[in-house]
Each structure stands twice: as C-alpha cells, then as structure tokens.
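**Q** Got a sequence here, can you model it:
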Amino acid sequence: MQDTHIIELYADSLWLEKGLSANTISAYRQDLQAFSDWLASRGQSLLSISKADVLSYLGAQRAGKLSARSAARMLSCLRGFYRLQCREQRIAADPTLDIDSPKLGRPLPKSLSEQDVEALLAAPNTDDPLELRDKAMLELLYASGLRITELVGLKFAQLSLSQGLVRVVGKGNKERLVPIGEEASLWIQRFMSAGRPSLLAAGTAPDVVFPSRRGQMMTRQTFWHRVKYHALNAGLSSEISPHTLRHAFATHLINHGADLRVVQLLLGHSDLSTTQIYTHVARERMKSLHSMHHPRG
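**A** Residues are numbered from 1 along each chain as shown. I've put the predicted structure just below:
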C-alpha cells in the first residue's frame, strides 16, 4: 500500500473517530509525510519499519534542532498512526511501543501587562476602515479570550451585541457563551456602521463579522500579521501574536480575582489543569512586582 494512501486513511480516521479539527489533521498529515519522505530516502516505507527506525528518525530530527515539544508531538502522531495499523492488521507489531517521550518542561505562556495591552489596543488608526476592523477585533479578542480561528470565522448568528455575548463553537465542537463587555461591543458597532461597508465594496458580503480587505473571510495568518504590525507601532515586542492576547485575557482575569473554573469555561478548556498554568503566570507576575517594589525584594 502506498504511503500517501495510508496517510490519507489515517487522516480520515482522525476526523471520523476523534472529530479533530482540520488544522490538527493537517499537522498530523505533514508530520507523517515528513517521516515517509525520510524513510523513502532510505528505501523504506511506513509499513516496513522497526523501533530502531523510529528512534533513528527522532534522533535525526533532534540533531537538526527539533524542539523536545515538537519531537513529542511527532512521536504522539506516530503512536496513533501505528496503533491504527496494528488494529487494522496491516502490521504485526507497533514500532513505537516502549519509546519514551522527550521530557518537557512546562513553559509559561507569554503574556502582556495591562499597560502593554492598552498600548496595543490604542495602536490602530480608527479613521481607516481596515484599522477600525483591527481595533474591533483586538478589543473583542482581549474581552473574550477567543482563539484566533474562532475570531476570524465569527458569524453574525454567533454575536449578540444587545446581550453582550458571543456564542463560540470551539475544539471538539464544544459550544460556550462568552461575555464581551461594553467596550468591545461599542467598537464592533462602530466598525459595523463606519468600516465594514467599505470593506465589502471589494467583494460579495460574507457571513463573517470581520471580512478581509477583499470582502472575504480573513485567514489566521493575515490577522497574525496585523497584530504584529500594530504591536510594532505600539513599541511592543514583535513576538506578540493573537494567542498572546488570549493569554493576557486569562492572566488578567485571575490577577483580578476571577475563579479558575470560570476562566476555564470562558477559554473553553476541557481540563482544568490546562487553565491552571495561568495561576503560575499570575504568581510570577506577583513575584516580579514584589521584587521590584518591596524594600526587601
């Protein structure tokens, strides 16, 4: 069986059995194709390898400066793939058995101070329709903690400005209601009346709230570049991304006393342990402030 065909069969199983998103499936497909290409250079295929081959590949990737986290993701992908091949009886033994995952630290997510967020939100020139759209998107992102995919794909049916709520369907098709606050609502309303009509002149009217300059649904990459553009104009680090504002949303809520389980619900985390990392971010911030301002710091 050709490697390309077996990879597509696995991708189909990820969608059918696990309901993974298109982006996640695409990442798994790319990882498997990279492994397949490496095997082909050695005259091998995906269904004719041993544990030693998997270890050789991971070792080669690590030598090529692949991070421990990326190597762990790669191994997880291979484990799922070969578990299915065993189940379907395409191979006799799983070559990924008894391979230890790389040890990972738990890096704290990069966040922004409240002053940095204010600088970023003030950066767009709201007299320009495109930047008015960016302003509304940034305000909504900070007010709600949406994922970038949830933001750029936001439809009118999901948004209720009168109630100050947005209905989001996140990972695993889980639905959640998130309040967006008065400030974000005001900027969205202003964009609707003063910015969005001129963007739609370039194309047909899409159902999405925040269209691109061509009047279509914006890509994640486009908004990522827009955030970087405004961050540089605000004098902030070029490493800022849309996800940084999601982290800031969660961190600032906890800094101001929000309950961890409430933050979990707002972010759409299925596991509380995923949300708990923000308590570490808040703790590090408190330690930094103590060190800076306390006479014995």
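
**Q** ok, for residue 233, nearest residue in space, not its chain neighbours?
**A** Closest residue in space to residue 233, ignoring its immediate chain neighbours: residue 123 at 4.7 Å, by CB to CB, 6 or more residues apart in numbering. Any C-beta I mention is one placed from the backbone N, CA and C, and that applies to glycine too.

**Q** would residue 96 count as being in a strand?
**A** No. Counting by DSSP: H, G, I helix; E, B strand; the rest coil, residue 96 is located in no strand; its state is coil.

**Q** how many neighbours does the closest residue to it other than its chain neighbours have?
**A** Nearest-residue entry for residue 96: residue 79, 4.7 Å, with adjacent residues in sequence omitted and distances by CB to CB, 6+ apart. Look at residue 79: counted by other CB atoms under 10 Å, it has 17 neighbours.

**Q** do the same with residue 64
**A** Neighbours of residue 64 (other CB under 10 Å): 7.

**Q** Would you mark the buried spots in stretch 113-130?
**A** Applying a neighbour-count criterion of 16 or more other CB atoms under 10 Å, the buried positions in stretch 113-130 are 116-117, 119-121, 123-124, 126, 129.

**Q** what's the spacing between the residue nearest to residue 96 and residue 65?
**A** The gap separating residue 79 from residue 65 is 23 Å, by CB to CB, to the nearest Å.

**Q** Also residue 215?
**A** 41 Å.

**Q** More neighbours: which of those two?
**A** Taking residue 215 and residue 65 together and counting by other CB under 10 Å, residue 215 has the greater number of neighbours (17 against 7).

**Q** where does that one land in three-state SS?
**A** At residue 215, secondary structure determined by three-state DSSP is coil.

**Q** Residue 176 now?
**A** Three-state call for residue 176 (three-state DSSP): strand.

**Q** what bridges to it?
**A** The residues listed as beta-bridge partners of residue 176 by DSSP bridges are residue 168.

**Q** tally of neighbours for it?
**A** For residue 176, the neighbour count with other CB under 10 Å is 15.

**Q** My read is that it contacts residue 265, right?
**A** Yes. Under the criterion of CB atoms under 8 Å, residue 176 lies in contact with residue 265, with a separation of 6.4 Å.

**Q** could you pull out the helices for this protein?
**A** For the chain, applying DSSP state H gives helices covering 3-13, 22-40, 51-63, 68-87, 114-121, 129-144, 148-152, 181-194, 196-200, 220-233, 242-255, 260-267, 272-275, 277-293.

**Q** Dump those to JSON lines, plus mean pLDDT and distance to residue 169.
**A** Putting those into JSON lines (pLDDT from 0 to 100; distance: least, CB to CB, whole Å) gives the following:
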{"stretch": "helix 3-13", "mean pLDDT": "88", "distance to residue 169": "21"}
{"stretch": "helix 22-40", "mean pLDDT": "89", "distance to residue 169": "14"}
{"stretch": "helix 51-63", "mean pLDDT": "85", "distance to residue 169": "35"}
{"stretch": "helix 68-87", "mean pLDDT": "86", "distance to residue 169": "24"}
{"stretch": "helix 114-121", "mean pLDDT": "90", "distance to residue 169": "26"}
{"stretch": "helix 129-144", "mean pLDDT": "93", "distance to residue 169": "14"}
{"stretch": "helix 148-152", "mean pLDDT": "90", "distance to residue 169": "8"}
{"stretch": "helix 181-194", "mean pLDDT": "93", "distance to residue 169": "19"}
{"stretch": "helix 196-200", "mean pLDDT": "85", "distance to residue 169": "23"}
{"stretch": "helix 220-233", "mean pLDDT": "91", "distance to residue 169": "16"}
{"stretch": "helix 242-255", "mean pLDDT": "81", "distance to residue 169": "16"}
{"stretch": "helix 260-267", "mean pLDDT": "72", "distance to residue 169": "14"}
{"stretch": "helix 272-275", "mean pLDDT": "54", "distance to residue 169": "18"}
{"stretch": "helix 277-293", "mean pLDDT": "50", "distance to residue 169": "23"}
